[in-house]
Every structure is written in C-alpha cells, then in structure tokens.
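Colleague: no FASTA, just this:
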C-alpha cells in the first residue's frame, strides 16, 4: 500500500512485470535464444520504461525505451504505437534526455518505442553478421507487442526517425508497407548512398553497407518510393542541411509518382534543434493519421 502511494500505480505495475521477467529467468534453463526475449525492465519515469532484450539478430543483449501516455493501461483497448529510430551517434535515450523532446513524447496520445540502433543504420549488413539492425526492428516490434498493450493493426502503427533514423524509418516502411499507416522522417538521408552528389550534400558511406558500389547503393530508399503509396507521409529538412538535396529528390520522386505527402523545410542546418522543432509536428501528424477512419489510407491524411 505504501509503495503504491509513493511510486504510483503505473510504476508499481511495471515493477511487478519486471519481477515476473526476472523470476522467469531464474526458473528457466539457460539456452541459446531463437526468439528475442525481454530480460529486464525498469521504470525511469512514471511514463518511461527501459527494456533489456536478448537479440538473436545481434547475438547480444541490447535495449529499447518505451514512452507511454499518461492514461496508458495494460488492460483495455490497445494503444496506437510509433516506432522511433534515432540518428547516428545518438541512442534510445536521446529524446527523453532533452526536456523539450521528452515533454513532447510524454504528451503524445500513442506509445513510442525507441530501439537502440548503435551506428548500424537500421540495415541488415551484407558484410557484418553482428550488424543486422533491420531484423532487430522486427524483434523490437515482436517483444513490444508481447509486453505492452499496443495495437498490432497497421492502421494504428507508425514509424519515424531522424537523420540515420529517418533513413532507416522510410526504408523500413518501404520494405514493410503493409505494417504501417504512416511514416515520417526528420532530416532523413533519403537519397543515400548516392555517389553523384557533391561532398557538401552527401555523407560518407559506412563499411557496413558493403564492399561494392552496387551493394551500397542497393540500400538507397529513393528507388522504392512507390511502395509508400498507401501511407500517410511527412518529411522535414532544413535549407542549409547537407540532407536538403536528398530530401528534395525524394519529395520530387513522390510528386512524380503522384503520392500525396507533407513536406516542410525549416531554416537551419542538420542539427538537433531541427529535431526539436520537427518533433511536435511529427507527433501531431501521427495523431491525425491514427484518428482517420477513411478506407482510402493515403487520401485520408490530406483531407
């Protein structure tokens, strides 16, 4: 009774779930894991929870963070969910570490899941068995749906990210278009790798993309843009950002394909301040996408 009053009911429920996870570990036989498993969960805020999972794709323990709405409950109707992928050099705590972005996520009317993607670019590397981060997204979705009261329906699922994570979110949405109603990218590298772009409008290609130009260019999201035709789409960039030309190319490709989308260009460069400015708009975009009831999923986003 005292603990419930002191910590709050939501945190106590989380502690009970975490105890159950640990008890399961104690009484289970140690074995090589074929499926992703949550090994630990701790509450770091009444609405923010950190999960440790054993990932077969990465062959190690790794993490994701979940941010739930204030009214979230483990029972009742499942909540809409957005999978949010971080940028290079950042992590699954980056948005909850900054007050402005943390408050934006805490106010969202959906559950936000943020996996730790290291600097893996959210791809399954053709040259590194330890860098299978597209499959890791699959695993995070699987364990999130098992341990949180979130929807498994595409009409209540979205994906987004910034910088490297914007690249990863759009590419994952293209390759799994039937799983999501909406996708968004903030400062995403949406025409990458592209060796024809000048240095100041480009980014070096990490070694995990492969050893040949053909391998590396196969990860470029631009050629698969048509796969997004049934989704609500929102892209943001900045007029002085190195990714601006990449986003212009993607915007032009969507226009050429007659795929409706929202596209906003901020004043500024490829900085975290653009993420801070963009995130409230992205959250509102997902609110609108989830609240639509039209059968035509693409048209519903732009009425």
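Modeller: Structure's in. What do you need? Only a predicted model underlies this, so the values are computations on that prediction, with no experimental measurement involved.
Colleague: in the stretch 51-200 of the chain, which spans are strands?
Modeller: For the stretch 51-200 of the chain, the strands defined by DSSP state E, counting those that start in this stretch cover 60-67, 81-85, 111-115, 157-161, 182-186.
Colleague: including distance to residue 215 and mean pLDDT, could these go into CSV?
Modeller: Yep, even glycine has a C-beta here, placed from its N, CA and C like the rest. Conversion of the strands of the stretch 51-200 of the chain to CSV gives the following (distance: least, Cβ to Cβ, whole Å; pLDDT from 0 to 100):
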stretch, distance to residue 215, mean pLDDT
strand 60-67, 25, 98
strand 81-85, 22, 98
strand 111-115, 24, 98
strand 157-161, 23, 98
strand 182-186, 23, 98
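Colleague: out of those, deepest packed?
Modeller: Comparing those by mean neighbour count (mean count of other Cβ atoms under 10 Å), strand 182-186 comes out on top with a mean of 30.
Colleague: contacts for it, please.
Modeller: Strand 182-186 has contacts (Cβ atoms under 8 Å, 6 or more residues apart in numbering) with 158-163, 166-167, 169-170, 173, 228, 231-236, 247, 274-275, 278-279, 282, 285-286, 289-290, 301.
Colleague: for the closest residue to residue 93 other than its chain neighbours, list each beta-bridge partner.
Modeller: Closest residue to residue 93 apart from its sequence neighbours, by Cβ to Cβ, 6 or more residues apart in numbering: residue 65 at 6.2 Å. Here residue 65 sits in beta bridges with residue 50, residue 114, going by DSSP bridges.
Colleague: for residue 65, what are its contacts?
Modeller: 48-51, 92-93, 96, 113-114.
Colleague: for residue 164, give its distance to residue 89.
Modeller: For residue 164, the distance to residue 89 equals 8 Å [Cβ to Cβ, to the nearest Å].
Colleague: residue 178 now?
Modeller: 32 Å.
Colleague: likewise for residue 158?
Modeller: Distance from residue 158 to residue 89, by Cβ to Cβ: 24 Å.
Colleague: kindly report the same for residue 161.
Modeller: Counting by Cβ to Cβ - residue 161 and residue 89 are separated by 14 Å.
Colleague: before we move on, what about residue 189?
Modeller: 14 Å.
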